[in-house]
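A.B. asks: no sequence on this one, just coordinates:
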């Protein structure tokens with residue numbers, strides 16, 4: 001049997017290829033960023049061809065770094081930014097438009113139009129999702145409406161829709177020469193076009209959104225052999241796992257028991273709690289989503305709290321305000337002051353996601369006085385991530401009736417000790433960082449490894465998980481609640497900023 005498992009991680013800001021061994025340890029990794037394209041305020045795009053090129057580059061680099069080739073890999077898994085939407089020409093395999101990124105808000109008029117009849121929860125019973133600019137279905141609708149002849153060509157099956165997993169697999173498995181047009185249940189559940197109970201495209205929603213079924217990918221489980229890669233450097237390697245990035249992190253954190261939860265701090269932050277085979281409708285502003293489906297087993301579900309901006313706020317301070325030179329500089333700058341100096345940042349750059357779902361909100365910095373300096377702003381930026389996670393945790397406890405005993409964390413921001421301690425203080429609960437923090441890619445590797453027998457079962461995966469560090473709360477309760485009360489006041493200042501736009 002081949003020695004290793006590979007994972008392609010298609011993130012919001014970069015693409016990575018990571019090779020793991022049987023213990024879940026990283027053997028080799030390569031990463032490359034791609035451009036963030038902002039045609040208008042609130043619009044965010046990626047170049048799908050650039051990402052495809054980067055994937056090929058990082059795959060070759062990671063294998064070369066470890067002296068490996070495709071034959072050393074038992075399989076690869078794929079994980080991806082979930083709601084980002086691509087529409088491409090079946091005959092040429094070229095995109096007909098840049099990808100619309102998950103945080104893009106150009107569909108706000110469509111959201112308002114559909115919400116007029118039945119409200120924002122019009123399709124929640126079928127999909128577990130509110131009407132918002134976040135999800136892929138209305139992004140696809142926008143492309144079909146705006147691009148010349150796109151609708152007719154999609155109806156004829158000449159244009160293909162997919163999230164980034166579908167786009168990549170189409171090309172890896174041959175493209176115009178027999179490429180597979182597929183997705184998995186986790187990514188499909190984020191389109192707002194799939195019925196959670198059946199895990200099939202919902203005919204009534206397709207009709208309501210005017211989405212032609214001919215352009216949609218086939219929905220498959222998250223762990224099975226889908227085909228082999230036909231291109232170098234992975235030619236001949238089975239593709240055997242597909243998971244949306246946050247569901248992949250849940251699997252990577254081995255949260256297989258109902259009630260277990262993880263939070264990933266990336267561009268945004270995403271807290272998922274496993275609810276098992278049970279579909280739990282949210283009454284507190286969360287999403288109900290598919291967690292994973294391994295082979296022929298029934299799907300498992302999760303409650304999710306999606307936060308649009310956490311790590312991206314640090315990037316904004318670096319790139320837009322030049323407050324820091326590199327992301328790592330924010331921790332020592334924030335630690336140079338004892339507190340936030342009364343400053344709070346609500347990073348509603350593309351509206352507020354869970355649990356508020358305010359598309360018309362925009363970012364605000366409040367509490368400024370002459371006393372405040374750049375260190376207070378840096379500290380407020382980090383604290384905003386912890387406050388938003390507490391918002392979600394409180395909603396999740398209300399929905400599930402389960403008190404959070406501890407929070408497993410992963411993602412780029414978990415190396416920030418100041419943030420992790422403040423997070424524990426805000427939750428009044430332990431925050432636990434595992435030894436392997438690349439849990440998104442690891443989850444995709446786990447899904448692929450299970451499909452090819454590299455790991456026997458989830459008990460094998462659990463045996464790999466171990467703790468690197470635990471933060472316990474030290475802040476007095478009165479201080480904790482004062483901080484949080486001011487945060488809630490700051491959030492309300494971000495509401496109702498964008499005026500209603502005319503319908504499209």
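C.D. replies: Thanks, I have the structure now. On a predicted model such as this, the values are computed, not experimentally measured, just so you know.

A.B. asks: what's downstream of the longest helix anywhere in the chain, the next helix or strand?
C.D. replies: Counting residues, the longest helix found in the chain (DSSP state H) is helix 374-400. Next in sequence after helix 374-400, counting helices and strands by DSSP states H and E, comes strand 407-411.

A.B. asks: now that following strand against helix 374-400, angle please.
C.D. replies: Per axes from the mean of the first three to the mean of the last three C-alpha atoms, to 10 degrees, the angle that strand 407-411 makes with helix 374-400 is 130 degrees.

A.B. asks: checking the residue located most distally from the centre of the chain next. Helix, strand or coil?
C.D. replies: Most distant residue from the mean C-alpha position of the chain: residue 370, 37.9 Å away (C-alpha atoms, centre = their mean). Secondary structure assignment for residue 370 (DSSP: H, G, I helix; E, B strand; the rest coil): coil.

A.B. asks: next one: the longest helix of the chain to chain centre, how far?
C.D. replies: Between the mean C-alpha location of helix 374-400 and the chain-wide mean there is a distance of 17 Å, by C-alpha atoms, centre = their mean, to the nearest Å.

A.B. asks: pull out the buried residues from that helix.
C.D. replies: By neighbour count with 16 or more other C-beta atoms under 10 Å, helix 374-400 contains the buried residues 375-396, 399-400. Using the backbone N, CA and C atoms, a C-beta is placed for each residue, glycine as well.

A.B. asks: what do you get for stretch 356-368?
C.D. replies: For stretch 356-368, by 16+ other C-beta under 10 Å, it's 356, 357, 358, 359, 360, 361, 362, 363, 364, 365, 366, 367.

A.B. asks: would you turn these into CSV with pLDDT, secondary structure and distance to residue 261?
C.D. replies: Below are these laid out as CSV (pLDDT from 0 to 100; DSSP: H, G, I helix; E, B strand; the rest coil; distance: C-beta to C-beta, whole Å):
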residue, pLDDT, secondary structure, distance to residue 261
356, 94, coil, 20
357, 90, coil, 20
358, 92, strand, 24
359, 87, coil, 26
360, 90, coil, 30
361, 95, coil, 25
362, 96, coil, 29
363, 97, coil, 27
364, 98, strand, 29
365, 98, strand, 30
366, 98, strand, 30
367, 97, coil, 31
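
A.B. asks: pull up the gap between residue 70 and residue 59, please.
C.D. replies: Residue 70 sits 9 Å away from residue 59, going by C-beta to C-beta, to the nearest Å.

A.B. asks: neighbour count for those two, which is higher?
C.D. replies: Neighbour tally, residue 70 and residue 59, criterion other C-beta atoms under 10 Å: the higher count belongs to residue 59, 26 against 18.

A.B. asks: excluding chain neighbours, what is closest to the more buried one?
C.D. replies: The spatial neighbour of residue 59 that comes closest, neighbours along the chain excluded (C-beta to C-beta, 6 or more residues apart in numbering), is residue 17 at 4.4 Å.

A.B. asks: what does residue 435 give?
C.D. replies: Leaving out its chain neighbours, the residue that sits closest to residue 435 by C-beta to C-beta, 6+ apart is residue 468, at 4.4 Å.

A.B. asks: what's the neighbour count on that neighbour?
C.D. replies: 11.

A.B. asks: likewise residue 341?
C.D. replies: So residue 341, with other C-beta under 10 Å, has 17 neighbours.

A.B. asks: pretty sure residue 468 sits against residue 434.
C.D. replies: Yes. With contact defined as C-beta atoms under 8 Å, residue 468 reaches residue 434; the gap is 5.9 Å.

A.B. asks: mind checking pLDDT for the residue nearest to residue 435?
C.D. replies: On the pLDDT scale, residue 468 is placed at 94.

A.B. asks: quick one: it is in a strand?
C.D. replies: Yes. Counting by three-state DSSP, residue 468 falls inside a strand.

A.B. asks: who's in contact with it?
C.D. replies: 433, 434, 435, 437 (C-beta atoms under 8 Å, 6 or more residues apart in numbering).

A.B. asks: can you select the buried ones from those in PyMOL?
C.D. replies: For the buried members of those, the matching PyMOL selection, counting by 16+ other C-beta under 10 Å, is:
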select buried, resi 433+434+437
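
A.B. asks: now, which of the contacts of residue 468 sits nearest residue 107?
C.D. replies: Nearest to residue 107 out of those is residue 437 (C-beta to C-beta; 33.3 Å).

A.B. asks: that older thread, just want the phi and psi numbers for the residue farthest from the centre of the chain.
C.D. replies: phi -60, psi -20 (degrees, to the nearest 10).

A.B. asks: circling back: residues shared between the contacts of residue 70 and residue 59?
C.D. replies: 233, 234.

A.B. asks: the longest helix of the chain packs against which elements?
C.D. replies: With contacts defined as 3 or more C-beta pairs under 8 Å, 6 or more residues apart in numbering; DSSP states H and E, helix 374-400 has these neighbours: strand 261-265, strand 269-276, strand 300-307, helix 311-319, helix 330-335, strand 344-346, helix 417-427, helix 477-493.

A.B. asks: go with 6 Å
C.D. replies: For helix 374-400, the packing partners by 3 or more C-beta pairs under 6 Å, 6 or more residues apart in numbering; DSSP states H and E come out as strand 300-307, helix 330-335, strand 344-346, helix 417-427.

A.B. asks: angle of it against helix 311-319?
C.D. replies: Using the same axes, to 10 degrees, helix 374-400 lies at 170 degrees relative to helix 311-319.

A.B. asks: helix 374-400 vs helix 417-427, what angle?
C.D. replies: 40 degrees.

A.B. asks: what segments of the stretch 151-300 of the chain are strands?
C.D. replies: 159-162, 182-184, 194-195, 200-201, 218-220, 223-228, 238-244, 261-265, 269-276, 287-292, 300-307 (DSSP state E, counting those that start in this stretch).

A.B. asks: picking up where we left off before, pick out the shakiest of the helices and strands packed on helix 374-400, pLDDT-wise.
C.D. replies: The weakest mean pLDDT among the helices and strands packed on helix 374-400 belongs to strand 300-307, with a mean of 93.

A.B. asks: what pairs with that one, parallel or antiparallel?
C.D. replies: Partner strands and pairing direction for strand 300-307 (DSSP bridges) are strand 269-276 (antiparallel), strand 287-292 (antiparallel).

A.B. asks: for that strand, which outside residues touch it?
C.D. replies: Defining contact as C-beta atoms under 6 Å, 6 or more residues apart in numbering, one finds that strand 300-307 is touched by 268-276, 279-280, 286-287, 289-292, 353-354, 388, 392, 396, 399.

A.B. asks: off-centre distance for that strand?
C.D. replies: Relative to its chain's centre, strand 300-307 lies at 11 Å (C-alpha atoms, centre = their mean).

A.B. asks: quick one: buried residues of it?
C.D. replies: Under 16+ other C-beta under 10 Å, the buried positions of strand 300-307 are 300, 301, 302, 303, 304, 305, 306, 307.

A.B. asks: with distance to residue 222 as extra columns, can I get these in TSV?
C.D. replies: Formatted as TSV, the buried residues of strand 300-307 follow (distance: C-beta to C-beta, whole Å):
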residue	distance to residue 222
300	10
301	13
302	12
303	18
304	15
305	21
306	19
307	23
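
A.B. asks: now stretch 89-98, how far from the centre of its chain.
C.D. replies: The answer for stretch 89-98 is 24 Å, by C-alpha atoms, centre = their mean.
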